[in-house]
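> sequence first, then the predicted structure, then my questions.
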Amino acid sequence: MAKIFCVANQKGGVGKTTTAVNLAAGLARLEQRVLLVDLDPQGNATMGAGINKAELDASIYEVMLGLADVRAARVRSETGHFDVLPANRELAGAEVEMVELDNREKRLKDALAAVDDEYDFMLIDCPPALSMLTLNGLCAAHGVIIPMQCEYYALEGLSDLVNTIKKVHAKLNPDLKIIGLLRVMFDPRMTLSQQVSSQLEQHFGDKVFRSIIPRNVRLAEAPSYGMPGINFDPSSKGAQAYLAFGAEMVERIKTL
Ligand code: ADP
Ligand code: MG
């Protein structure tokens, strides 16, 4: 059975896609079979895995509306060595079109069930909103990985996300847990980063991943080459940190 995780945070630009793509590639390096699910109409995870979102035969949009199955829509990332269920801007329309469908918050869960035995991990890159799409991600998953920048405003949105996860856990998906908070784009020279980081540890204890992802320009450059950062420049600090995070995830889920 595949372990399914959402990478979620309703803020944009906090490192969700970078985390999803690099964790997918990191797990693939550890010989795990991975499906990266792009649940954001921006299609950044799709492009970052080296897949042209403008040239898809089918995408997650058709899958969620029941017009195609996952096997028909998935594509192989040659630069990341994992499969991708790709997205493009068509997906934005699904939000509205799903309103009329039955079981609308479980469309993704039902679709992914068809390929469950083909993967060890499925990673869902969520859009920057607590929307029907994100709700589909949360209903499909066993757990949530929350990337955070250690800055003052980071903590503000966190309680909304945590409350949403609690509600989904209570009403829709009893399996759902917060797997952990991942500190990303970390700058150890900033006092504020250190302060927010230790506040997080005090508040969330061992829910904070030990791995910390530094701010690293190679991670930011990699998507323009259609490559996960860890394969673009494996010796960079960012790549090393995401590799360590992949290993930490494999360890952590043993105790789930
Ligand atoms: P989100 O998916 O939450 O919107 P992204 O992963 O797209 O966030 O990241 C936002 C921007 O920050 C992107 O340009 C990305 O390349 C850059 N970025 C993400 N993580 C890092 C990092 N650790 N170091 C440097 N740049 C990063
Ligand atoms: Mg993104």
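Looks like it came in fine. Model, not experiment: these values are computed from the prediction. Residues are numbered from 1 along each chain as shown. Ligands and ions are numbered 1, 2, ... in the order given.
> which bits of the stretch 101-250 of the chain sit near ligand 1?
With the criterion set to CB under 6 Å from any ligand atom, the stretch 101-250 of the chain comes near ligand 1 through 128, 184, 185, 213, 215, 216, 219, 220, 223, 238. For glycine as for every other residue, the C-beta is placed from the backbone atoms N, C-alpha and C.
> spell out the residue ranges of the strands in the protein.
Taking DSSP state E as the criterion, the chain carries its strands at 3-7, 34-38, 75-77, 82-85, 121-125, 143-149, 177-186, 208-214.
> dump the first one to PDB, restricted to CA.
So the one you mean is strand 3-7. C-alpha atoms of strand 3-7 as PDB (Å, rounded to 0.1, in the frame of the first residue of the first chain):
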ATOM      1  CA  LYS A   3       1.900   6.100   1.800                       C
ATOM      2  CA  ILE A   4       0.200   9.300   0.700                       C
ATOM      3  CA  PHE A   5       1.400  12.700   1.800                       C
ATOM      4  CA  CYS A   6       0.200  16.200   1.100                       C
ATOM      5  CA  VAL A   7       2.700  19.100   1.000                       C
END
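> mind checking if that strand is in reach of ligand 1?
No. Using CB under 6 Å from any ligand atom, strand 3-7 stays clear of ligand 1, with a minimum separation of 8.0 Å.
> ok, that strand: who's next to it in the sheet?
Each strand paired with strand 3-7, and its direction, by DSSP bridges: strand 121-125 (parallel), strand 143-149 (parallel).
> the last one now?
Within its sheet, strand 208-214 is paired with strand 177-186 (parallel), according to DSSP bridges.
> for the strand it pairs with, which positions count as buried?
By neighbour count, with 16 or more other CB atoms under 10 Å as the criterion, the buried positions of strand 177-186 are 177, 178, 179, 180, 181, 182, 183, 184, 185, 186.
> write down the beta-bridge partners of the second one, one by one.
Think residue 178. The residues listed as beta-bridge partners of residue 178 by DSSP bridges are residue 144.
> ok, whatever residue of the stretch 51-200 of the chain ends up closest to ligand 2 - contacts?
With CB to the ion as the measure, the residue in the stretch 51-200 of the chain that lies nearest ligand 2 is residue 125; the distance is 6.0 Å. In this structure, residue 125 makes contact with 7, 16, 17, 20, 21, 36, 37, 38, 39, 40, 44, 45, judged by CB atoms under 8 Å, 6 or more residues apart in numbering.
> and what of residue 21?
If you count contacts by CB under 8 Å, 6+ apart, then residue 21 has 36, 45, 48, 49, 80, 125, 223, 228, 229 around it.
> now the residue nearest to it when sequence neighbours are not counted: how far from residue 161?
Setting aside the residues directly before and after it, residue 21 is nearest to residue 48 in space (CB to CB, 6 or more residues apart in numbering), at 4.5 Å. Between residue 48 and residue 161 the distance, using CB to CB, to the nearest Å, works out to 23 Å.
> so for these two, which sits in the more crowded spot?
Relative neighbour count places residue 48 above the other of residue 48 and residue 161, with 30 against 20, counting by other CB atoms under 10 Å.
> was I right to think the more buried one contacts residue 17?
Yes. With contact defined as CB atoms under 8 Å, residue 48 counts as touching residue 17 (6.2 Å).
> which residues sit against stretch 42-50?
Applying CB under 8 Å, 6+ apart, the contact partners of stretch 42-50 are 17-18, 20-21, 24, 36, 38, 53, 56, 77-80, 82, 84, 86-89, 91, 125, 127, 222-223, 226-228.
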